[in-house]
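In: sequence below, structure please.
(one chain, ligands or ions: 1)
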Amino acid sequence: MIIKEKIQEQIPRWMERIQRLKKEYSNFVVGEVTIEQILSGIRGVQISISDISYVDPYEGIRLRGYTISQVLSLLPKAKNSRMPLAGGLYHLLLTGELPSQKEAEEVEEIWRCRSEVPQYVWDVICSMPPETHPMTLFSQAIMALQPQSLFARAYLEGVQKSQYWEYYLEDSLNLTAKIPQIAAFIYCWKYKDGKVEPPDPNLDWSASFAQMIGKGSDWEYQELMRLYLVIHSDHEGANVSAHTSHLVSSALSDIYLSSAAGMNGLAGPLHGLANQECIRWLLNVYDHFQRLPSDEELEGYIRNQLSAGYVIPGYGHAVLRVTDPRFTAQMEFAEQFLPQDPLFQLVKQVYRLAPSILGENGKIKNPRPNVDAINGCLQYYYGVREVDFYTVLFGVSRLLGLTAHAIWARALGKPIERPKSLTTQMLEERVGII
Ligand code: FAM
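Out: Have a look, this model is predicted:
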């Protein structure tokens, strides 16, 4: 397997770099932590290393050093498509190298061969009440696969620490291979008649999700999913889902346990679930006016929302200080394929008006759109209108990033995480209040 050989080959170099930092610079002070940071969710405290991706405040995400537009243009493309193969992206995340067409297709082939999901996983989903949130079902399906963990078995049998990553890689490939089918099953079980189209072996990982939910002949939606699943795959190592899954896997919990933990974080409304709020907000605006509002009407609507204490979903970001390039990539897609769609017109109108209104009081650090300001609109246009499902799509993509982080954490022998908590009284004593 090419990815395995490449990771193997790179481990000694990375270990050398880490060991050097540890040996020669272990007392070097990277930063300080203020009380404000502690009280505001350890905001901005540099706590970990991730070489898979990095969010630059002014450029947006770089996946293994490549910007979103570079990733989209340089990765090998799917058949009859202008969009990248997710298999190529996974190769890039795992090895740091841009794959050839053959290398990207190798990952796609591995996924195809390992895609079968055991019947009992479907039984777990089907035994849940129909009102269960799709993210709960998604996390449960991942957990249901946990008994298949090769790492968990190997650990019990006493496998060497230096080999942990190989089992994490196998588990990751097994899990990610099954994810499009799991997502498709949840969608069809929860919202349709429960019938999932069998996977088409001629389709790539991203398009096969589209095909399994009944969009086998919808080439544009398949293109959208190829775009979507690449651009949502990672957002460095310290956001809620990435950090959660890293923390859990640092206890040597296997990829199923740690990925499900990450998905549970993604399911929170301040993180991945935000995208369902964004589309709901756009639909509410449309419903309120029963048409596209004029600029004056929309401006008034936004101002009313703000003065009532609501946020404008899809705007602002904890790290980014420019328009999210993932928003821009999807804007370009929409301009090409759905320029006249009323909801897309509304997305553009909000984009034209909201940043200056949000920027007026100087409180918000980034009044520009994040990825969520548009992605729901695209799904909606192509008929995937069950908005509480959108975070599952986000999760399908994000599992590529989370598992890549975990494999490398084991390859580099990263330790269990154990920061320290203080009591309020200790802080009061330190600052001299008591
Ligand atoms: N509308 C109105 N006010 C906003 C705002 C928005 N879109 N974004 C930030 N603010 C306010 C924020 O509430 C805070 O006010 P207070 O000081 O009164 O608490 C102030 O501006 C400063 O916030 P910030 O430092 O600029 O942002 P944060 O780093 O605290 O929060 C977000 C970042 C993303 C949680 C925040 O911008 C927000 O709530 N946005 C709307 C929801 C959203 O789009 N979430 C998607 C997140 C996405 F990136 C993801 O994870 N999927």
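
In: where does the stretch 201-350 of the chain come near the ligand, residue by residue?
Out: For the stretch 201-350 of the chain, the residues in contact with the ligand (C-beta under 6 Å from any ligand atom) are 270-272, 274, 306, 311-318. C-betas here are computed from N, CA, C, even on glycine.

In: show me which pair in those residues is furthest apart.
Out: G272 and L306 (24.0 Å; C-beta to C-beta).

In: so between those two, which is more surrounded?
Out: G272 (26 against 17; other C-beta atoms under 10 Å).

In: now that one: which helix or strand?
Out: Using DSSP states H and E, G272 sits within no helix or strand.

In: can you name the residues that contact it?
Out: When contacts are counted by C-beta atoms under 8 Å, 6 or more residues apart in numbering, G272 is found next to M135, S241, G265, L266, T391, F394, G395, R398.

In: about what we covered before: show me the residues of the stretch 201-350 of the chain next to the ligand that map onto helices.
Out: Per DSSP state H, helices hold the following members of those: A274, L306.

In: list just the nearest of the residues of the stretch 201-350 of the chain next to the ligand to F344.
Out: For those, the closest approach to F344 (C-beta to C-beta) belongs to G314, at 13.4 Å.

In: now for that closest one, how many residues are close by?
Out: 28.

In: give me the spatial nearest neighbour of it, chain neighbours excluded.
Out: Nearest residue to G314 in three dimensions, chain neighbours excluded: A373, at 3.0 Å (C-beta to C-beta, 6 or more residues apart in numbering).

In: can I have the buried ones of the contacts of G272 as a ChimeraX selection?
Out: Here is the ChimeraX command that picks out the buried ones among these, judged by 16 or more other C-beta atoms under 10 Å:
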select :135,241,265,266,391,394,395,398
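
In: now tabulate the contacts of G272 in TSV and tack on pLDDT and secondary structure.
Out: Formatted as TSV, the contacts of G272 follow (pLDDT from 0 to 100; DSSP: H, G, I helix; E, B strand; the rest coil):
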residue	pLDDT	secondary structure
M135	98	helix
S241	97	helix
G265	97	helix
L266	97	helix
T391	96	helix
F394	97	helix
G395	98	helix
R398	98	helix
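
In: would you turn the contacts of G272 into CSV with distance to I279?
Out: Below are the contacts of G272 laid out as CSV (distance: C-beta to C-beta, whole Å):
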residue, distance to I279
M135, 15
S241, 20
G265, 21
L266, 16
T391, 11
F394, 12
G395, 16
R398, 18
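
In: mind listing what the residue of the chain found nearest the ligand touches?
Out: Closest approach of the chain to the ligand (C-beta to the nearest ligand atom) occurs at G316, with a separation of 2.1 Å. By C-beta under 8 Å, 6+ apart, the contact set of G316 is L358, I364, K365, N366, P367, N370.

In: cool, S245 as well?
Out: Contacts of S245 by C-beta under 8 Å, 6+ apart are S258, S259, A261, G262, G265, L402, H405, A406.

In: mind redoing it with 7 Å?
Out: Going by C-beta atoms under 7 Å, 6 or more residues apart in numbering, S245 touches S258, S259, A261, G262, L402, A406.

In: you'd agree the third one is up against V248?
Out: Yes. With contact taken as C-beta atoms under 7 Å, A261 and V248 are classed as touching, separated by 4.2 Å.

In: which stretches in this structure count as strands?
Out: Counting by DSSP state E, the chain has strands at residues 53-56, 60-63, 66-67.

In: buried set for the second one?
Out: Of all the residues in strand 60-63, those buried under the rule 16+ other C-beta under 10 Å are G60, I61, R62, L63.

In: that one near the ligand anywhere?
Out: No. Using C-beta under 6 Å from any ligand atom, strand 60-63 never reaches the ligand; the gap is at least 11.0 Å.

In: related to what we said a few turns ago, widest-spaced pair of the contacts of S245?
Out: A261 and A406 (10.8 Å).

In: more neighbours, the two?
Out: A406 (29 against 22).

In: OK, contacts around the more buried one?
Out: Y168, S245, S249, I255, S258.

In: go on, S139?
Out: A260, M263, N264.

In: quick one: T95 from Q8, how far?
Out: Separation of T95 from Q8 (C-beta to C-beta, to the nearest Å) stands at 10 Å.

In: for those two, indicate the residue with more neighbours.
Out: Legend: neighbour count by other C-beta under 10 Å for T95 and Q8, higher for T95 (20 against 14).

In: how about JSON lines for the strands of the chain, with mean pLDDT added?
Out: Converted to JSON lines, those look like this (pLDDT from 0 to 100):
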{"stretch": "strand 53-56", "mean pLDDT": "95"}
{"stretch": "strand 60-63", "mean pLDDT": "96"}
{"stretch": "strand 66-67", "mean pLDDT": "98"}
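
In: for Y381, which of those strands is the nearest?
Out: Of all those, strand 60-63 comes closest under C-beta to C-beta, at 23.8 Å.

In: tell me what the closest one is packed against?
Out: Strand 60-63 makes packing contacts with strand 53-56, helix 68-74 when contacts are defined by 3 or more C-beta pairs under 7 Å, 6 or more residues apart in numbering; DSSP states H and E.

In: direction included, what does it pair against?
Out: Applying DSSP bridges, strand 60-63 is found paired with strand 53-56 (antiparallel), strand 66-67 (antiparallel).

In: chain center to that strand: distance?
Out: From the chain centre to the centre of strand 60-63 is a distance of 12 Å (C-alpha atoms, centre = their mean, to the nearest Å).

In: and stretch 423-434, by the same measure?
Out: 39 Å.

In: same check, this time on stretch 136-148
Out: Distance, centroid of stretch 136-148 to centroid of chain: 18 Å (C-alpha atoms, centre = their mean).

In: what residues sit buried inside it?
Out: So, applying 16+ other C-beta under 10 Å, buried residues of stretch 136-148: L137, F138, S139, Q140, A141, I142, M143, A144, L145, Q146, Q148.

In: format those residues as a markdown table; extra columns: pLDDT and distance to V322.
Out: Putting those into a markdown table (pLDDT from 0 to 100; distance: C-beta to C-beta, whole Å) gives the following:
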| residue | pLDDT | distance to V322 |
| --- | --- | --- |
| L137 | 98 | 36 |
| F138 | 98 | 31 |
| S139 | 98 | 32 |
| Q140 | 98 | 37 |
| A141 | 98 | 36 |
| I142 | 98 | 34 |
| M143 | 98 | 38 |
| A144 | 98 | 41 |
| L145 | 98 | 39 |
| Q146 | 98 | 40 |
| Q148 | 98 | 42 |
